[in-house]
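> Fold the stuff below for me.
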Amino acid sequence: MISTIINGKIPGPNGRPIVYDFFFELNRSKAPIVIFCHGYKGYKDWGAWTLFAKDFASQGIAFFKFNFSYNGGTAENPIDFPDLEAFGQNNYTKELQDLECVINWLTTHQSTNPALDINTLILMGHSRGGGIVLIKASEDSRIRKVITLAGVSDYKSRFPEKQALKAWASSGFFF
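This next block holds a predicted model:
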């Protein structure tokens with residue numbers, strides 16, 4: 001039997017909640033946990049991510065998907081972008097902090113759940129989330145495996161340079 005938590009909330013590191021869905025088989029013992037990170041302009045409920053979650057759980061792999069706290073969604077409306085101010089303030093650092101918060105929450109609050117193996121954490125990311133999981137895996141020894149789905153391969157080539165970088169520093173925003 002698959003246990004499903006939909007739109008659960010974790011207090012985020014920047015004062016905004018992290019909204020998550022968690023799928024795992026109750027009758028399983030020590031299931032590895034996939035932590036899924038959505039891409040830019042994305043959210044946990046986009047496209048096939050719920051199908052992914054259900055299929056992984058049916059195969060005995062727990063699947064935790066969440067919205068980055070500054071993705072533009074809200075706790076009340078996690079599937080749209082009603083908070084454009086937050087979306088405009090999002091950055092890689094905040095996403096890495098959110099992912100750290102999720103990992104800490106799982107390893108603390110799920111540590112006594114016999115269905116889960118908190119020592120087998122697998123990061124999966126799509127697009128920009130793929131780049132985020134690669135960065136996090138390189139700095140966190142708790143991560144055992146990484147999966148990217150069309151992950152960002154090079155942040156530097158997408159980062160503004162010269163005049164564009166100066167304009168960003170001056171104005172405080174970059175389109």
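> Please name the residues that touch the closest residue to Ser3 other than its chain neighbours.
Residue nearest to Ser3 in three dimensions, not counting chain neighbours: Leu26, with 5.0 Å by C-beta to C-beta, 6 or more residues apart in numbering. (C-beta placed from N, C-alpha, C; glycine too.) Shown in contact with Leu26 (C-beta atoms under 8 Å, 6 or more residues apart in numbering): Met1, Ile2, Ser3, Ala115.
> From Gly172, how far off is the residue nearest the centre of the chain?
Centroid-nearest residue in the chain: Cys37, 3.0 Å away (criterion: C-alpha atoms, centre = their mean). For Cys37, the distance to Gly172 equals 26 Å [C-beta to C-beta, to the nearest Å].
> Which element, helix or strand, includes the closest residue to Phe159 other than its chain neighbours?
Among residues not flanking Phe159 along the chain, Leu165 sits closest, at 7.8 Å (C-beta to C-beta, 6+ apart). Using DSSP states H and E, Leu165 sits within helix 162-171.
> Alpha carbons of that helix, in CSV - could you do that?
Below are the C-alpha coordinates for helix 162-171, written out as CSV (Å, rounded to 0.1, in the frame of the first residue of the first chain):
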residue,chain,number,x,y,z
LYS,A,162,30.5,42.6,-18.6
GLN,A,163,28.0,45.4,-19.1
ALA,A,164,25.0,43.1,-18.3
LEU,A,165,26.6,42.0,-15.0
LYS,A,166,27.4,45.7,-14.1
ALA,A,167,23.8,46.7,-14.9
TRP,A,168,22.5,43.8,-12.7
ALA,A,169,24.8,44.9,-9.8
SER,A,170,23.6,48.5,-10.2
SER,A,171,19.9,47.8,-10.5
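> List the contacts of it.
Helix 162-171 has contacts (C-beta under 8 Å, 6+ apart) with Phe159, Pro160, Phe174.
> 6 Å instead?
Here helix 162-171 makes contact (C-beta atoms under 6 Å, 6 or more residues apart in numbering) with Pro160, Phe174.
> Over to stretch 10-25?
By C-beta under 6 Å, 6+ apart, stretch 10-25 touches 2-9, 31, 44, 53, 57, 60, 62-67, 69, 75, 78, 97-98, 101, 105, 115.
> Using PDB, write out every CA atom in the helix or strand of the chain with the lowest mean pLDDT.
The helix or strand of the chain with the lowest confidence, counting by mean pLDDT, DSSP states H and E, is helix 84-89 at a mean of 87. Output of helix 84-89 as PDB, limited to C-alpha atoms (Å, rounded to 0.1, in the frame of the first residue of the first chain):
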ATOM      1  CA  LEU A  84       5.800  36.900  -8.900                       C
ATOM      2  CA  GLU A  85       7.700  38.900  -6.300                       C
ATOM      3  CA  ALA A  86       9.100  35.700  -4.800                       C
ATOM      4  CA  PHE A  87       9.800  34.300  -8.300                       C
ATOM      5  CA  GLY A  88      11.800  37.500  -9.000                       C
ATOM      6  CA  GLN A  89      13.900  37.000  -5.900                       C
END
